[in-house]
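Chemist: One predicted model, sequence on top.
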Protein chains: 2
Amino acid sequence: MFDTVVIATDGSESVKRAVAVALDLAERFDATVHALYVIDASEVESSPESVRDQFRDALEESAEEALAEVTADTDLPVETAIREGRPAAEICAFAREVDADVVATGTRGRHGENRFLIGSVAERVVRTCEAPVLTVRQLQEA
Amino acid sequence: MFDTVVIATDGSESVKRAVAVALDLAERFDATVHALYVIDASEVESSPESVRDQFRDALEESAEEALAEVTADTDLPVETAIREGRPAAEICAFAREVDADVVATGTRGRHGENRFLIGSVAERVVRTCEAPVLTVRQLQEA
């Protein structure tokens, strides 16, 4: 059932638990794992033009680090991908492309509800991806 | 990892795919399955007092039907529960109570984004539950 697992990571604290949970799931199903990092195009575009290339390079470096972390955490082979665009839209497009059975991503752990999180990438992914979405909150203690 | 799976159902079309995906997951992990239906207290309270008891009875009947559907769809033993309160809050409280490893629920499938779905039960569950949440969109063709 879960033969193809996409793990969308931004390398932040808030995805660490999601990566762990998703890798456990993938291992149990002996799934193909795709680790995806989306460079937020709007972030790049809003940076001053004089530093834009360097900015993008820095984000690419962050992407590679984030993806390497996923790869290091499992014995499963992990295919990695870096995309640039609107994060949630790119995640869902990528999931369609690889025919994902589940897309895993993290959300920030906060006490109770945090209305500022409406519109976060994870919630857009929940709203828009056709694939099942596993959202994992980073817990306070982590 | 996924030893205890909570399936939150409202018996609607929009949870059917979620139930199927969650049961597949539970079967693979030989997990304990809890099927939960939350009677929306605010719906009960907003009904005319003269029919409130009948209204609640009708919702309880719907709950039993929805839970029986989950039970019928798997060979795993399913524990069923009916709660009354605010749906997302009750779902997350229940998940804590049974120490759920994942909470599965459905979201309505729509083309693209539908801002009216912000604040839906599934999205509140994503925002508030400590347990990982598996949201599964009902697809158009279903």
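Modeler: Nice, thanks for sending it over.
Chemist: For chain A, what lies in contact range of chain B?
Modeler: By the criterion of CB under 8 Å from any CB of the partner chain, the positions of chain A lying close to chain B are A:1-2, A:17-18, A:21, A:24-25, A:28-29, A:102, A:107, A:109, A:112-114, A:117-118, A:122-124, A:126-130, A:132-137, A:139. C-betas here are computed from N, CA, C, even on glycine.
Chemist: Can you report how many residues lie near A:Ile82?
Modeler: Neighbours of A:Ile82 under the rule other CB atoms under 10 Å in any protein chain shown: 17.
Chemist: which strand residues sit across from it in the sheet?
Modeler: Legend: beta-bridge partners of A:Ile82 under DSSP bridges are A:Tyr37.
Chemist: What residue in chain A is the furthest from its centre?
Modeler: Relative to the centre of chain A, and counting by CA atoms, centre = their mean, the farthest-placed residue is A:Ser50 at 28.6 Å.
Chemist: Pull the contacting residues for that one.
Modeler: When contacts are counted by CB atoms under 8 Å, 6 or more residues apart in numbering or on different chains, A:Ser50 is found next to no other residue.
Chemist: how would you label A:Thr80: helix, strand or coil?
Modeler: Remark: A:Thr80 carries the secondary structure label strand [criterion: DSSP: H, G, I helix; E, B strand; the rest coil].
Chemist: Helices of chain A, start to end?
Modeler: For chain A, helices defined by DSSP state H occupy the ranges A:16-29, A:41-45, A:52-72, A:87-97, A:121-128.
Chemist: Which strands and helices lie in contact with the helix or strand bottoming out on mean pLDDT in chain A?
Modeler: Counting by mean pLDDT, DSSP states H and E, chain A has its least confident helix or strand at helix A:121-128, which shows a mean of 88. On a contact count with 3 or more CB pairs under 8 Å, 6 or more residues apart in numbering or on different chains; DSSP states H and E, helix A:121-128 meets helix A:87-97, strand A:102-107, strand A:133-137, helix B:121-128.
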